[in-house]
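K.L.:
Task: produce atomic coordinates for the following.
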Amino acid sequence: MKESNARVAAVLMPLAVMGAALAWSCGSSDEEAGGGGGGDAKQAFTTTVYPSLAKECGECHQKGQRGAPVFLGAGADPSYTAIEGFPGLVSAPSISPLVQKGVHSGPALTATQADNITKWLKLEVSARKLQSDPGTPKNLRAAFKAFGECMDYARWRELKLDTIALTDTEGNQGKCVSCHNYGDGSMWLSGSPNKEEHEVLAAETFLKLREFPYVQRLAIGRVNAEGTFDGIEGARRILDKGNEAQQPQANNHPRFALTSELAGNLTTFVTETISNMNANRCQNVTVPEAGTD
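P.N.:
Sure, this is the predicted structure:
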């Protein structure tokens, strides 16, 4: 009998330990168990993300039309719960389908909508202790490279930025390209009134502006209060160069002014490129052929 009781105790003891472990696990906090959502992240979803998703994506992803996966409910709360339960949606912006599937058979998200989703997902990643976004540039050189790789030639041409090189300077001192052709004067601008020649030169200019050091004419680095690298922003170098204070030297840079349309378009292009870079939306950018060396 004693041997029988000992065998029963030997079997029950591990089960009791396992039960205690399971009870502790179920009762542990979100932080100890890997983290959960809610708080600021859920508030951001409710106020800035859900309205956009409901408007742009609800027709397919709430009703399952066109075979689309259903991850939206009848309101913010049920949608949040559904997205939490859908594998892979709540993850770093660089891998979440909510960001990377922005351009598909359905309507594309605007840059503002995509930025709001990106900000929300970063809050979720932090709250849930998920893997952070691996695509964020860690230093200025990496940021310049990422910005250049995110520049889209089709958008550049759409905004007529290939015509900047042909901007006239004041005092009949020629067009910008006359001094900055092939990288002269620390700026690479090439262009021609001849259509066929312009196509080649415009492509060359775009490719050079994607690279260091010329990319600095479009974007510059930013640091935080501690002096640590904190991303990049628009340089305004092209916009401000033509209006800087003139000095009494003969080799002064001549004054010039981009048209209001070009100035606005250049700001738009840089802002969009930085936004796309930060949200890792650069997989389908168009780039001209490099041509012959």
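K.L.:
Show me the strands in the stretch 151-293 of the chain, by range?
P.N.:
219-223, 229-234 (DSSP state E, counting those that start in this stretch).
K.L.:
Dump those strands to CSV, plus distance to L98 and mean pLDDT.
P.N.:
Glycine gets a C-beta too; all of them are placed from N, C-alpha and C. Conversion of the strands of the stretch 151-293 of the chain to CSV gives the following (distance: least, Cβ to Cβ, whole Å; pLDDT from 0 to 100):
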stretch, distance to L98, mean pLDDT
strand 219-223, 26, 90
strand 229-234, 22, 86
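K.L.:
E124: which of the ones you listed is closest?
P.N.:
Smallest distance to E124 across the strands of the stretch 151-293 of the chain (Cβ to Cβ): 20.5 Å, for strand 229-234.
K.L.:
show me where pLDDT drops low in the stretch 1-150 of the chain?
P.N.:
Along the stretch 1-150 of the chain, the model assigns pLDDT under 70 to residues 1-38, 66-67, 100-106, 131-135.
K.L.:
could I get the strands of the stretch 151-293 of the chain as a markdown table with distance to W120 and mean neighbour count?
P.N.:
As requested, these are exported to a markdown table (distance: least, Cβ to Cβ, whole Å; neighbours: other Cβ atoms under 10 Å):
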| stretch | distance to W120 | mean neighbour count |
| --- | --- | --- |
| strand 219-223 | 23 | 16 |
| strand 229-234 | 19 | 16 |
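K.L.:
Looking at these, which is nearest to T286?
P.N.:
strand 219-223 (19.2 Å).
K.L.:
Endpoint to endpoint, stretch 83-96 covers what distance?
P.N.:
Distance between the two ends of stretch 83-96: 11 Å, counting by Cα to Cα, to the nearest Å.
K.L.:
about what we covered before: just tell me which of the strands of the stretch 151-293 of the chain ends up closest to L109.
P.N.:
That would be, of the strands of the stretch 151-293 of the chain and by Cβ to Cβ, strand 229-234, which comes in at 21.3 Å.
K.L.:
list the helices and strands that closest one packs on?
P.N.:
Packing partners of strand 229-234 (3 or more Cβ pairs under 8 Å, 6 or more residues apart in numbering; DSSP states H and E): helix 140-150, strand 219-223, helix 260-278.
K.L.:
Dump those to a markdown table, plus distance to S186.
P.N.:
Formatted as a markdown table, the helices and strands packed on strand 229-234 follow (distance: least, Cβ to Cβ, whole Å):
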| stretch | distance to S186 |
| --- | --- |
| helix 140-150 | 15 |
| strand 219-223 | 14 |
| helix 260-278 | 18 |
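K.L.:
which stretch among those comes nearest A165?
P.N.:
The nearest among these, by Cβ to Cβ, is helix 260-278 at 11.2 Å.
K.L.:
quick revisit: switch the strands of the stretch 151-293 of the chain over to JSON lines; also include distance to E124.
P.N.:
Listed next are the strands of the stretch 151-293 of the chain as JSON lines, based on distance: least, Cβ to Cβ, whole Å:
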{"stretch": "strand 219-223", "distance to E124": "25"}
{"stretch": "strand 229-234", "distance to E124": "21"}
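K.L.:
helix/strand/coil for the nearest residue to F86 once chain neighbours are set aside?
P.N.:
Spatially, and ignoring its direct neighbours in sequence, F86 is nearest to F71 (4.5 Å; Cβ to Cβ, 6 or more residues apart in numbering). With DSSP: H, G, I helix; E, B strand; the rest coil as the basis, the three-state label of F71 is coil.
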